[in-house]
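Asker: have a look at this prediction, sequence included:
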Amino acid sequence: MEMTREQAQQWLQEVDAVAKELRNKLAYGITGPILIIWGIVWIVCYTLNHFAHKISGWVWLVGIVLGMAGTFYLRAVRYRITVDGESSKRLGRRLLWSWGLLFAYIGIWLAVLWPWRGDQIGTFLVMLMMFAYVLMGLWLQRRFLLWLGLAVTLLAGAGYAFSLWVTPGYLDLWLGLTGGTALLGSGLYMTLRWR
């Protein structure tokens, strides 16, 4: 039995759809646990920043180191499966370099923006991280990351404006609650539902 051109094309489209779905599941398979880690880091660090402001620098240093260690552990040990082989490795390296450069630029920008107030810098860093999520959503064609980045950015901006005019002194709790919960909740949703 011979296959017509239309049948072959339809068959190739179905194979492509299955491959795309598998790549998405693998990509989101690691994204969920990473979002959980960073959601917990945000909740804990912003909450401690509010209640123990004098040690907030150390709290964030420890939180970021633990978050990065967890992220690298998940990427290197737990999720070694790749679909596209070498192209997937190249993409992973580019993403790693992108995040590394972002953190280097954060240090430069913080030095240039000195002196700054804690509320300003906290909101700036949240929005900058979410900008990276938006870019990843665009580059990787992951609408979930795009919308998550936009939503947390809007929440951070609203919290900053609210803390300026209505209830000063509660921005850290707001950022921990909204941003951290958004990361944690979306990570749990992805981990439990997108298997």
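Answerer: Received the coordinates, thanks.
Asker: give me the low-pLDDT residue ranges for the protein?
Answerer: Where the chain drops to pLDDT under 70, the residues are 1, 8, 12, 15-29, 78-89, 92, 194-195.
Asker: and the residue nearest the centre of it?
Answerer: Of all residues in the chain, the one closest to the mean position by C-alpha atoms, centre = their mean is residue 133, 5.3 Å from it.
Asker: so what's it up against?
Answerer: Residues near residue 133 by C-beta atoms under 8 Å, 6 or more residues apart in numbering: 145-146, 148-149, 152. Backbone N, C-alpha and C define where each C-beta goes, glycine included.
Asker: distance-wise, check residue 67 relative to residue 73.
Answerer: 11 Å (C-beta to C-beta, to the nearest Å).
Asker: what ranges does this structure have for its helices?
Answerer: Ranges of helices within the chain are 5-51, 56-73, 86-113, 118-139, 143-165, 171-175, 181-193, based on DSSP state H.
Asker: ok, so of the contacts of residue 133, who is nearest residue 48?
Answerer: Residue 48 has its nearest neighbour among these in residue 152, at 19.6 Å by C-beta to C-beta.
Asker: test my guess that the closest one contacts residue 177.
Answerer: No - counting by C-beta atoms under 8 Å, residue 152 stays clear of residue 177, with 11.4 Å between them.
Asker: same drill for those two, tell me which one is more crowded.
Answerer: Neighbours per residue, other C-beta atoms under 10 Å: of residue 152 and residue 177, the larger number sits with residue 152, 25 against 17.
Asker: please report phi then psi for residue 117.
Answerer: Main-chain torsions, residue 117, degrees, to the nearest 10: phi -90, psi 150.
Asker: is it true that residue 170 touches residue 164?
Answerer: No - applying C-beta under 8 Å as the test, residue 170 and residue 164 come out as separate, 11.2 Å apart.
Asker: of the two, who's got more company?
Answerer: residue 170 (15 against 11).
Asker: how about that one: what's its closest non-neighbour residue?
Answerer: residue 163 (6.0 Å; C-beta to C-beta, 6 or more residues apart in numbering).
Asker: got it, and residue 191?
Answerer: Nearest non-adjacent residue to residue 191 (C-beta to C-beta, 6+ apart): residue 32, at 3.5 Å.
Asker: burial check on the one you found, number of neighbours?
Answerer: Going by other C-beta under 10 Å, the residues that sit close to residue 32 add up to 20.
Asker: and it, how close does it get to residue 187?
Answerer: To residue 187, residue 32 is 5 Å away according to C-beta to C-beta.
Asker: go on, residue 61?
Answerer: Relative to residue 187, residue 61 is positioned 23 Å away (criterion: C-beta to C-beta).
Asker: ok, now residue 90?
Answerer: The gap separating residue 90 from residue 187 is 26 Å, by C-beta to C-beta.
Asker: okay, these two: which has more neighbours?
Answerer: residue 187 (21 against 11).
Asker: so the more buried one makes contact with residue 40?
Answerer: No - if you go by C-beta under 8 Å, residue 187 and residue 40 don't touch, sitting 9.1 Å apart.
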